[in-house]
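Participant: Below are the sequence and a predicted model for it; my questions follow.
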Amino acid sequence: MIEMLKNMKYRYLLLGVIFTLALSLILLTLLGLERAYVTSIAGTLALYFFPIGWMFYHFKKYHLSFREWLQPTKFKIRETIAAALFPELLGMGILLLITVGIMFVLPAGGFNELSETTTNWGLYFISAVILAPICEELIFRGFIFNKMLIRFSLVKAVILSSVIFGAMHLTTGISPTLVGMVLCVIFMKYRSLLPCITIHSFHNLAVVLLKYFASLGADTATEITPADMPLLLIMAGIFVTIGLVWLVLFFRKNWHYAAEFRQRYHGDKDLLPNYAGEL
């Protein structure tokens, strides 16, 4: 496994994603599909199908299987729900604080949130709740995180892989980054991506349901004014406090699994006492 990861180069993955995206956009546009479908399908092919196919090729080359990362394991439902919701709560709190900060420099009338375009909720559900959790966990916690562990320290690998994961989600990057850090530890705790996929799926399901029910009553763009700032600050404070407390307790309780994972699977016999004290 380590030898395979060493020979899998990031540059080839990145070039393949760019090439697949460009080719897909051209071909799908020539087929006359609607713009929304063109970008959605091209993005799926480039960001999910190409990386998974590229990884599958390397696994077969080294006579390995994705089962290496998908070992059946028992995990707690309560932990699954908490890991799916509390990092998102912290991320929402941080975004609310950013929103309040932005309002200080905007005109007194406040600003309007852009109304969302029409969403195909069936396709959105399949993509967000089924496809994304499987593909993204294999790519980010499976490949990227494990490869980073070869070169970087445990803490750097967790942070860097999670920041990349968050950056891929653009404007909602804060919450995905936090969720990614939690999922790295979950993966190392259970030595399987199955709990990560479950948590990821449950998290995305909650987000999809929240957006769906919000869309039912949102006929127009929502205006946020300075008069809303006290309530927003209170909500942000509650979200950040609850989320941050849970996150600290989670890492304190589970970080030793991370150090044990690094020691066992990457052959660093002297790392356990050093990394156990880093957080």
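Facilitator: That came in fine, so what should we check first? Owing to the predicted nature of the structure, the values given are computational and were not obtained by experimental measurement.
Participant: can you list the weak-confidence ranges in the stretch 101-250 of the chain?
Facilitator: Low-confidence regions of the stretch 101-250 of the chain, defined here as pLDDT under 70, cover residues 103-119, 171, 217-228.
Participant: Could you pull out the strands in this structure for me?
Facilitator: Along the chain, counting by DSSP state E, strands occupy 111-112, 223-224.
Participant: for stretch 73-91, the distance to its chain's centre please.
Facilitator: Using C-alpha atoms, centre = their mean, to the nearest Å, the mean C-alpha position of stretch 73-91 is found 13 Å from that of the whole chain.
Participant: what's that stretch in contact with?
Facilitator: Contact partners of stretch 73-91, identified using C-beta atoms under 8 Å, 6 or more residues apart in numbering, comprise 172, 174-179, 181-183, 186, 190-192, 194-195, 198-200, 202-203, 206-207, 239-240, 242-244, 246-247, 250. C-beta coordinates here come from the backbone N, C-alpha and C atoms, glycine included.
Participant: Quick one: buried ones out of those residues?
Facilitator: With burial judged by 16 or more other C-beta atoms under 10 Å, the buried subset of those is 174-179, 181-183, 186, 190-192, 194-195, 198-200, 202-203, 207, 239-240, 243-244, 246-247, 250.
Participant: per the record, what domains does this structure have?
Facilitator: 1-64, 69-276 (automatic domain parsing).
Participant: Just name the most buried of these.
Facilitator: Of all those, domain 69-276 has the most neighbours on average by mean count of other C-beta atoms under 10 Å, namely a mean of 17.
Participant: Run the chain-centre distance for that domain.
Facilitator: Domain 69-276 has its average C-alpha position 6 Å from the chain's average C-alpha position, going by C-alpha atoms, centre = their mean.
Participant: Regarding this structure, what is its longest helix?
Facilitator: Looking across the chain with DSSP state H, the single longest helix is helix 229-266.
Participant: all helices for the stretch 1-150 of the chain, in order.
Facilitator: Read by DSSP state H, counting those that start in this stretch, the stretch 1-150 of the chain holds these helices, from start to end of the chain: 2-7, 10-30, 35-44, 50-61, 77-103, 121-125, 132-136, 145-151.
Participant: Now do the second one against helix 50-61, angle only.
Facilitator: Going by axes from the mean of the first three to the mean of the last three C-alpha atoms, to 10 degrees, helix 10-30 is angled at 130 degrees with respect to helix 50-61.
Participant: packing partners for helix 10-30?
Facilitator: Applying 3 or more C-beta pairs under 8 Å, 6 or more residues apart in numbering; DSSP states H and E, we find helix 10-30 packed against helix 35-44, helix 50-61.
Participant: ditto for the first one
Facilitator: Based on contacts counted as 3+ C-beta pairs under 8 Å, 6+ apart, the elements that helix 2-7 packs against are helix 50-61, helix 145-151.
Participant: same thing with the last one?
Facilitator: In terms of contacts (3+ C-beta pairs under 8 Å, 6+ apart), helix 145-151 is packed against helix 2-7, helix 154-168, helix 229-266.
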